[in-house]
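A.B. asks: 3D, please:
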Amino acid sequence: MDRKALLLCITVIALLLVQFYQVIPRGEDVGSNKARVSAYFCPEDGCSQVVIRWIGRANRSIDLAMYSFTLDSIGEALVKAKDRGIRVRVILESEKINRYSEYGRLKAAGVEVKLDRNRYLMHNKFMVIDGSVVLTGSFNYTWSADKKNDENLVVIVDGKIASAYESEFEEMWSGVFGR
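C.D. replies: Below is the predicted model of the structure:
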C-alpha cells in the first residue's frame, strides 16, 4: 500500500471513530466511563512521551504488539513497569530484530517477549493497558517515527475495543494467525 492510500485509510478510520466516540483534545486527561479517543501526531505531539505516560499509568497489565521497536525511552518505561509489578508482554516482528532493537534489553530485564511466528509480516502497532486502554496508529516505537516522520498515535479508552485488541493479542501470543 503506498503512503497516500495508507494515509487515506487512517483518515477514514479516524473519521469513523470521531462519529462514534467523544474526541478529547490532545493531552487531556481521561476520567469518565464513556469511551474516549485522543489523536496525536508526530513529531509535533511527542508521541513517545504520550506512550510513556500511559505506561506509567498501568496498574495490572501491558500487552504490546509492535512492528519496529528501537526507542530506548519506551523500552525503559516497560522495564520500569515490569519492575513495579505490572505484567508486561511484548510481541515483536522477527524481521525487525537487530542490534538496535529493544528485544535484547526487554528479554534481559525479564519482560516476557516473543517474536512473531507468522510467516508474513506482523505489522501491528498496538498496546493494551489494563484491558481498557488501546494505543494504536502508524507510530512505530523508533526515533525516526517520533522525531522525523509524519506519524499518528490514537489512544482509545474503551473496554469493548480493548477487549477486541486483547483477543487479537492472545491469538498472536499463542501462535494463532488470522482467525
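
A.B. asks: can you give me the neighbour number for Gly110?
C.D. replies: Gly110 has 11 neighbouring residues, counting by other CB atoms under 10 Å. (C-beta placed from N, C-alpha, C; glycine too.)

A.B. asks: give me the phi and psi angles of it.
C.D. replies: The phi and psi values for Gly110, taken as degrees, to the nearest 10, are phi 90, psi 10.

A.B. asks: separation between it and Arg87?
C.D. replies: To Arg87, Gly110 is 11 Å away according to CB to CB, to the nearest Å.

A.B. asks: likewise Ser38?
C.D. replies: 24 Å.

A.B. asks: who does Leu135 bridge with?
C.D. replies: Met127, Val155 (DSSP bridges).

A.B. asks: so between Ser38 and Arg87, which is more surrounded?
C.D. replies: Using other CB under 10 Å, the more surrounded residue of Ser38 and Arg87 is Ser38, with 20 against 13.

A.B. asks: hang on, that one is in a strand, isn't it?
C.D. replies: Yes. Counting by DSSP: H, G, I helix; E, B strand; the rest coil, Ser38 is part of a strand.

A.B. asks: touching, it and Asp158? I think so.
C.D. replies: No. At 11.8 Å, Ser38 and Asp158 do not qualify as touching, with contact defined as CB atoms under 8 Å.

A.B. asks: send over stretch 123-131 as CSV, restricted to the C-alpha atoms.
C.D. replies: Coordinates of the C-alpha atoms in stretch 123-131 are reproduced here as CSV (Å, rounded to 0.1, in the frame of the first residue of the first chain):
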residue,chain,number,x,y,z
HIS,A,123,2.7,-5.1,11.0
ASN,A,124,0.6,-4.4,14.1
LYS,A,125,1.4,-1.3,16.3
PHE,A,126,-0.8,-1.5,19.4
MET,A,127,-0.7,-1.6,23.1
VAL,A,128,-3.5,-2.7,25.5
ILE,A,129,-3.2,-1.3,29.1
ASP,A,130,-5.2,-2.9,31.9
GLY,A,131,-7.7,-4.3,29.5
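
A.B. asks: other residues contacting that stretch?
C.D. replies: Outside of stretch 123-131, the residues within contact range by CB atoms under 8 Å, 6 or more residues apart in numbering are 51, 54-55, 57-67, 91, 93, 134-140, 159, 162-163, 165-166, 168-169, 172.

A.B. asks: show me which residues of that stretch are buried.
C.D. replies: For stretch 123-131, a neighbour-count test (16 or more other CB atoms under 10 Å) marks 124-130 as buried.

A.B. asks: would you pull up how far that stretch lies from the middle of the chain?
C.D. replies: When distances are taken as CA atoms, centre = their mean, to the nearest Å, stretch 123-131 is centred 4 Å away from the chain's centroid.

A.B. asks: and the buried residues of stretch 123-131 as JSON lines, adding distance to Arg99 and pLDDT?
C.D. replies: Listed next are those as JSON lines, based on distance: CB to CB, whole Å; pLDDT from 0 to 100:
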{"residue": "Asn124", "distance to Arg99": "23", "pLDDT": "92"}
{"residue": "Lys125", "distance to Arg99": "21", "pLDDT": "95"}
{"residue": "Phe126", "distance to Arg99": "25", "pLDDT": "97"}
{"residue": "Met127", "distance to Arg99": "24", "pLDDT": "98"}
{"residue": "Val128", "distance to Arg99": "28", "pLDDT": "98"}
{"residue": "Ile129", "distance to Arg99": "29", "pLDDT": "98"}
{"residue": "Asp130", "distance to Arg99": "33", "pLDDT": "97"}
